[in-house]
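Colleague: 3D, please:
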Amino acid sequence: MELREITNEEGNRLLRIIRRGSGSVVSWRRAQIVLLAAQRMPATRIAEVAFTDPDTVREVIHNFNQDGFDSLYPRYRGGRPRTFTLPERQQIKRIALSVPSDLGQPFATWSLAKLADYLVAEGVVTDISHEGLRQLLREESVSFQALRSWKRSNDPDFEAKKNRILELYAIADGLVEPALDDPQAVVCLDEFGPLNLQPQPGGKAWAPRANPKRIRATYTRPHGVRHLLCALDVGSDLLLGEVSERKARVEFLAFCKTIRARYPAALRLAFVLDNFSPHKGDQVRAWAAGNERRARLHASLRLLAQP
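Modeller: Below is the predicted model of the structure:
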């Protein structure tokens with residue numbers, strides 16, 4: 001079952017559903033399946049990521065092809081949900097706004113599942129569903145908050161580049177037979193940083209609406225910061241990394257050479273990159289041109305997901 005081509009607007013809407021996390025759990029899961037399918041991930045792999053079965057994945061894709069976003073929203077039926085007393089609601093809200101580690105829990109953020117389990121274990125309520133808990137917190141003006149962003153490409157060759165990268169992924173996963181001039185291995189390169197030793201109590205937490213909890217933004221760096229240069233071999237699912245004080249063109253080119261040296265000289269290799277300026281320097285281009293038969297650099301697209 002193949003997902004139809006989705007537009008940028010549809011991609012925006014799917015990502016908002018997933019990142020917001022304040023709607024139905026069912027809608028969130030279905031949106032996740034559709035977004036993964038848009039990246040040409042096979043149904044069996046999506047089932048592993050979404051903790052479901054391939055038949056359910058195919059059904060979600062089929063329904064989305066037929067009905068669009070209407071298929072993401074469940075049509076619940078049943079009796080009236082249980083109501084909670086005012087003291088129960090106040091205690092649930094207080095616990096949701098607390099830091100789990102302050103209550104002796106081994107994690108920094110409440111998920112709906114963890115919060116529901118804690119409420120039952122502590123005798124606050126006898127039973128509560130994840131959806132019922134979400135609705136109760138929403139009524140109490142408590143939401144699960146996170147930053148949201150979406151990047152749209154203005155590259156006129158966007159579609160061609162996107163399709164080529166998806167083709168490379170399919171070749172690496174063994175889903176498509178490579179052509180004579182296609183690479184035999186595909187590696188995604190990216191950087192992460194700056195990294196610093198700073199307390200992180202958690203990137204998400206329950207908080208009063210429009211009033212998120214805050215952590216200190218300024219700190220002293222007596223020894224500078226570090227950056228992580230990463231490489232993911234798509235076919236073997238092997239992740240490699242190297243810590244560097246900088247992530248400029250010199251360091252990036254040295255990392256490219258290190259990754260290239262891990263493969264046989266006769267093997268054709270493709271690098272998938274984003275448009276970070278050190279990736280496009282003259283030295284990098286010259287090195288790639290000198291390794292034309294062995295290394296191919298492709299500008300990565302951030303429409304669906306950064307590898």
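Colleague: separation between Val34 and Asn63?
Modeller: Val34 is 9 Å from Asn63, where distance means Cβ to Cβ, to the nearest Å. In short, each C-beta sits where N, CA and C put it, glycine included.
Colleague: The two: which has the busier surroundings?
Modeller: Val34 (27 against 15; other Cβ atoms under 10 Å).
Colleague: Could you work out the end-to-end span of stretch 43-61 for me?
Modeller: 9 Å (Cα to Cα, to the nearest Å).
Colleague: Can you pull the domain assignment for this structure?
Modeller: 8-72, 87-145, 158-196+224-299 (automatic domain parsing).
Colleague: Quick one: closest of these to Lys213.
Modeller: Lys213 sits nearest to domain 87-145 of all the domains of the chain, at 8.7 Å, using Cβ to Cβ.
Colleague: Any idea how far apart the tips of that closest one sit?
Modeller: One end of domain 87-145 to the other measures 25 Å (Cα to Cα).
Colleague: average model confidence for that domain?
Modeller: Taken as a whole, domain 87-145 has a mean pLDDT of 87.
Colleague: and it, how far from the chain's centre?
Modeller: Relative to the chain's own centre, domain 87-145 is displaced by 25 Å; criterion: Cα atoms, centre = their mean, to the nearest Å.
Colleague: can you check stretch 175-189 too?
Modeller: The answer for stretch 175-189 is 24 Å, by Cα atoms, centre = their mean.
Colleague: Name the residues of it that come out as buried.
Modeller: Pro183, Gln184, Ala185, Val186, Val187, Cys188, Leu189 (16 or more other Cβ atoms under 10 Å).
Colleague: Touching, the last one and Val234? I think so.
Modeller: Put plainly, it is Leu189. No - look at Leu189 against Val234 with Cβ atoms under 8 Å: they stay out of range, at 11.4 Å.
Colleague: What ranges does the protein have for its strands?
Modeller: 142-145, 185-195, 205-208, 226-233, 238-244, 269-273, 295-299 (DSSP state E).
Colleague: Tell me which of the ones you listed sits most buried.
Modeller: strand 269-273 (a mean of 22; mean count of other Cβ atoms under 10 Å).
Colleague: Just the CA trace of that one, in PDB.
Modeller: Only the C-alpha atoms of strand 269-273 are listed here, as PDB (Å, rounded to 0.1, in the frame of the first residue of the first chain):
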ATOM      1  CA  LEU A 269      29.600   6.100  -1.600                       C
ATOM      2  CA  ALA A 270      26.900   8.800  -1.400                       C
ATOM      3  CA  PHE A 271      26.800  11.500   1.300                       C
ATOM      4  CA  VAL A 272      23.400  13.100   2.200                       C
ATOM      5  CA  LEU A 273      23.800  16.500   3.700                       C
END
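Colleague: Can you name every helix or strand that that strand contacts?
Modeller: On a contact count with 3 or more Cβ pairs under 8 Å, 6 or more residues apart in numbering; DSSP states H and E, strand 269-273 meets helix 158-172, strand 185-195, helix 249-261, strand 295-299.
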